[in-house]
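Student: predicted model, plus sequence, below.
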Amino acid sequence: MEKNTVTNGKLAVETPVSVDTELNAEWEYYESNRDELVKNHCGKYVVISGNRVFDVYGDENVAYFDTIEKGVPLGSFIIQHVMEEEGFSFPFM
């Protein structure tokens, strides 16, 4: 189960909310590479699938539809908004 804490009036989620265990690897990849992703893609949306960055987009909807169009199955990727502050992802199932 996720551990939620409140810091400076903001909810911090240590693990993603409602993430299927199949996508934990993608979340862990993001967390492990977060500093590098922030450095290179801050403000963008990264699609992570199979423990790698599949692609980077400026818009979340474009990221979703383009990823599906490229044949990546639902339930096998996350789209993460890369920000300096911590956030969480939603899996696409």
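Tutor: Here it is on my side, so go on. Numbering: from 1, shown residues only.

Student: where does the prediction get shaky in this structure?
Tutor: Within the chain, the ranges that satisfy pLDDT under 70 run 1-21, 86-93.

Student: apply 50 and report the result again.
Tutor: Flagging of the chain using pLDDT under 50 yields the residue ranges 1-19, 93.

Student: quick one: the strands in it?
Tutor: For the chain, the strands defined by DSSP state E cover 4-7, 10-13, 45-48, 53-57, 78-81, 90-91.

Student: and the helices in this protein?
Tutor: 24-32, 34-41, 60-69 (DSSP state H).

Student: buried residues in the second one?
Tutor: Yep, that's helix 34-41 we're talking about. For helix 34-41, burial by neighbour count (16 or more other Cβ atoms under 10 Å) applies to 37, 41. C-betas here are computed from N, CA, C, even on glycine.

Student: ok, residues contacting it?
Tutor: 30, 46, 53, 56, 80, 82-84 (Cβ atoms under 8 Å, 6 or more residues apart in numbering).

Student: distance check, residue 82 against residue 71.
Tutor: Separation of residue 82 from residue 71 (Cβ to Cβ, to the nearest Å): 24 Å.

Student: who has more neighbours out of the two?
Tutor: residue 82 (19 against 6; other Cβ atoms under 10 Å).

Student: I figured residue 46 hits residue 67, correct?
Tutor: No: contact criterion Cβ atoms under 8 Å: residue 46 and residue 67 do not qualify, at 10.7 Å.

Student: now the common contact residues for the two.
Tutor: 55, 79.

Student: list the buried residues in stretch 63-83.
Tutor: Those would be 63-64, 67, 72, 76-80, 82, for stretch 63-83 by 16+ other Cβ under 10 Å.

Student: adding distance to residue 26, write those out as a markdown table.
Tutor: Shown next, in a markdown table, are the buried residues of stretch 63-83 (distance: Cβ to Cβ, whole Å):
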| residue | distance to residue 26 |
| --- | --- |
| 63 | 14 |
| 64 | 15 |
| 67 | 12 |
| 72 | 11 |
| 76 | 8 |
| 77 | 7 |
| 78 | 5 |
| 79 | 10 |
| 80 | 9 |
| 82 | 14 |
